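1. Show me how the following folds:
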Amino acid sequence: METYRLKNIVILILLLLNLFLLGLTVHLRLQQRHTAQTLAQQLTRLYENSGISLPEDLDVGAAALTPMTASRSLDDEAALAAYLLGRQVDGEDQGGGIYTYTGDGGAVQFRSSGAFDYAPALPAALGDPETFWEGFLETFGYRSLSSSFSGGSGTFLGVRQVEGSDVYNCTVSFHFSKGQLISASGTWLSTAGTTALSQPAFTAADALDRFLSYRSQSGAVCNAVLSVQRVYALQTPSPSTLQLTPQWQVETDTYCYYVDCITGEVLRA
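-> Just a heads-up that it's a prediction; the model follows:
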């Protein structure tokens, strides 16, 4: 009988402990929500006093992306070159971090910064241009930004994505004429060797605070912030180092601005 009572007491203690932890979790979440709502209201008032409106669905507590370093991958460059040239070819080291892949279809040159250029030997017929472009996007992790294509001629523009976010300055453009690819250029970034780094927290609210200070100091003109998005910037601190720096993209009704999550610097696109 004593053992039975002891078991019941232990079960009751565990039940009360679980209820306490549940209540504490609910309290903390409600407190976080209240803090976020208060911060959003304060930011909204600050912006309204400056004559600027903010998006209604803005999550001011959203955290920035994680900074990363990236390594050059010759294998990935060779795969991209093969896609453009129509077959796998070996790269030739030109020195100074430049590799060139040459085939019957032309040549693709890559630099250590990720910049590449494709020059066909003759206008390249690679099937339906739109299908070719969509295949490139899916295969190499780009998102379509824009296209001006009609009658087999035109231009496609795309941006590299990492972890579902744009690397806003890592773009490519393909140019077609009469169904043939006549040039391709841009920046390639491999994620095969990325390494995450640590950084202090930098939220959307921090970015908006920095942007408002920048606007006051620079005299930038805008009446509305349309969106605040997490993006990466591809940077090359040295010829052998690639770095993905988290930034907040603040899109206004006049220009697009980028707030660096490491330095806090604000730049206009």
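
2. From residue 62, how far off is residue 264?
-> 17 Å (C-beta to C-beta, to the nearest Å). Where you see a C-beta, it was placed from the backbone N, CA and C, and this is true even at glycine.

3. Contact partners for residue 223?
-> Residues counted as contacts of residue 223 (C-beta atoms under 8 Å, 6 or more residues apart in numbering) are 51-53, 252-254.

4. List the ones among these that fall in strands.
-> residue 252 (DSSP state E).

5. Can you flag the buried ones in the contacts of residue 223?
-> 52, 252 (16 or more other C-beta atoms under 10 Å).

6. Relative to residue 237, which of the contacts of residue 223 is nearest.
-> residue 252 (29.3 Å; C-beta to C-beta).

7. Who is the closest one paired with across the strands?
-> According to DSSP bridges, the residues that bridge with residue 252 are residue 225.

8. Over to residue 260?
-> Here residue 260 sits in beta bridges with residue 247, as judged by DSSP bridges.

9. Do I have it right that it meets residue 249?
-> No: counting by C-beta atoms under 8 Å, residue 249 is not a contact partner of residue 260; they are 11.2 Å apart.

10. how about a markdown table for the contacts of residue 223, with distance to residue 181 and pLDDT added?
-> Shown next, in a markdown table, are the contacts of residue 223 (distance: C-beta to C-beta, whole Å; pLDDT from 0 to 100):
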| residue | distance to residue 181 | pLDDT |
| --- | --- | --- |
| 51 | 48 | 92 |
| 52 | 44 | 93 |
| 53 | 44 | 93 |
| 252 | 36 | 97 |
| 253 | 37 | 96 |
| 254 | 36 | 96 |
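
11. residue ranges of the strands in the stretch 151-269 of the chain, please?
-> 153-162, 165-177, 180-187, 195-196, 225-238, 241-252, 256-260, 266-268 (DSSP state E, counting those that start in this stretch).

12. can I get those in a markdown table with distance to residue 144?
-> Listed next are the strands of the stretch 151-269 of the chain as a markdown table, based on distance: least, C-beta to C-beta, whole Å:
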| stretch | distance to residue 144 |
| --- | --- |
| strand 153-162 | 5 |
| strand 165-177 | 10 |
| strand 180-187 | 13 |
| strand 195-196 | 27 |
| strand 225-238 | 16 |
| strand 241-252 | 17 |
| strand 256-260 | 18 |
| strand 266-268 | 24 |
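
13. looking at these, which is closest to residue 120?
-> Comparing these by C-beta to C-beta, strand 180-187 comes nearest, at 6.4 Å.

14. Touching that closest one from outside, list them.
-> So strand 180-187 is contacted by 84, 113-120, 123-126, 129, 132, 158, 160, 169-176, 234 (C-beta under 8 Å, 6+ apart).

15. could you give the mean pLDDT of it?
-> Per-region confidence: strand 180-187 scores 94 on mean pLDDT.

16. just stretch 202-209 next, same as before
-> 92.

17. quick one: contacts for residue 101?
-> Residues near residue 101 by C-beta under 8 Å, 6+ apart: 77-78, 81-82, 85, 89-92, 107-110.

18. In terms of helices and strands, where is it?
-> Using DSSP states H and E, residue 101 maps to strand 98-103.

19. partners of that strand in the sheet?
-> strand 91-95 (antiparallel), strand 106-110 (antiparallel).

20. Alpha carbons of it, as PDB, please.
-> C-alpha atoms of strand 98-103 as PDB (Å, rounded to 0.1, in the frame of the first residue of the first chain):
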ATOM      1  CA  ILE A  98      41.300  32.000 -64.000                       C
ATOM      2  CA  TYR A  99      40.100  28.700 -65.400                       C
ATOM      3  CA  THR A 100      38.900  28.300 -69.000                       C
ATOM      4  CA  TYR A 101      36.800  25.500 -70.400                       C
ATOM      5  CA  THR A 102      37.000  25.200 -74.200                       C
ATOM      6  CA  GLY A 103      34.900  22.900 -76.500                       C
END
